[in-house]
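> Have a look; sequence and predicted model below, questions after that.
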Amino acid sequence: MREKYDDIIDLPHPNPRNHIRMKVSSRAAQFAPFAALTGHSEAIMEFARLTDEKIELDESMKSSINKKILLLQSKLKEKPLVTITFFCLDKKKAGGTYVSSTGHINKILDYEHVIIMSNNSVIHMDNISRIQLY
């Protein structure tokens with residue numbers, strides 16, 4: 001009994017007459033995955049990323065921070081070492097994060113209401129939640 005393809009099973013693979021055979025690497029590229037929703041996974045990851053809300057300080061905490069800033073101004077020539085914890089706004093979504101920066105104070109600009117540290121951090125005084133002096 002003859003099988004269905006016995007007559008062609010041992011024949012050589014035919015070569016195309018009108019064009020060059022495609023390379024295996026090029027042939028595989030046509031079956032590469034297609035991303036119909038470009039950027040979708042990045043958008044989901046951004047949405048899932050958590051941010052904090054800025055904590056409103058009470059008057060006693062604000063007063064304590066102001067006293068420490070005045071003390072830092074009086075010791076500015078000594079370049080005091082401090083750790084300042086402050087709120088940093090998120091650039092992409094509502095809220096932000098609390099960041100701590102440790103370094104020496106370079107400048108305190110009253111008219112701009114900022115503190116410039118030796119590590120080039122520019123900290124707005126209204127965003128400060130804690131100052132630790134060393």
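In hand now; what should we look at?
> Report the distance from stretch 127-134 to the chain centre.
Taking CA atoms, centre = their mean, to the nearest Å, the mean C-alpha location of stretch 127-134 is offset from the chain mean by 24 Å.
> For stretch 101-114, buried residues please.
Of the residues in stretch 101-114, Ser101, Gly103, Ile105, Ile108, Val114 count as buried by neighbour count, 16 or more other CB atoms under 10 Å. All C-beta spots, glycine's among them, are computed from the backbone N, C-alpha and C.
> what about the chain, any weak spots by pLDDT?
For the chain, residues meeting the criterion pLDDT under 70 lie at 1-2, 34-35.
> what sits up against the longest strand belonging to it?
Ranked by residue count and defined by DSSP state E, the top strand of the chain is strand 96-109. Taking CB atoms under 8 Å, 6 or more residues apart in numbering as the criterion, the residues outside strand 96-109 that touch it are 51-52, 54, 69, 72-73, 76, 79-90, 114-119, 121, 123, 129.
> Likewise for stretch 38-54?
Identification of contacts with stretch 38-54 by CB under 8 Å, 6+ apart yields Phe87, Asp90, Lys92, Lys93, Ala94, Gly95, Gly96, Thr97, Tyr98, Asn127.
> Convert it to PDB, retaining C-alpha atoms only.
Once non-C-alpha atoms are left out, stretch 38-54 reads as follows in PDB (Å, rounded to 0.1, in the frame of the first residue of the first chain):
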ATOM      1  CA  THR A  38       2.800  50.800  22.400                       C
ATOM      2  CA  GLY A  39       3.400  52.400  25.700                       C
ATOM      3  CA  HIS A  40       0.500  50.700  27.500                       C
ATOM      4  CA  SER A  41       2.700  48.800  30.000                       C
ATOM      5  CA  GLU A  42       4.600  52.000  30.800                       C
ATOM      6  CA  ALA A  43       1.300  53.900  31.400                       C
ATOM      7  CA  ILE A  44       0.200  51.200  33.700                       C
ATOM      8  CA  MET A  45       3.400  51.200  35.700                       C
ATOM      9  CA  GLU A  46       3.200  55.100  36.000                       C
ATOM     10  CA  PHE A  47      -0.400  54.800  37.200                       C
ATOM     11  CA  ALA A  48       0.600  52.200  39.800                       C
ATOM     12  CA  ARG A  49       3.500  54.300  41.100                       C
ATOM     13  CA  LEU A  50       2.600  55.800  44.500                       C
ATOM     14  CA  THR A  51       3.200  59.400  45.600                       C
ATOM     15  CA  ASP A  52       2.800  61.000  49.000                       C
ATOM     16  CA  GLU A  53       0.700  64.000  50.000                       C
ATOM     17  CA  LYS A  54       2.400  67.000  51.500                       C
END
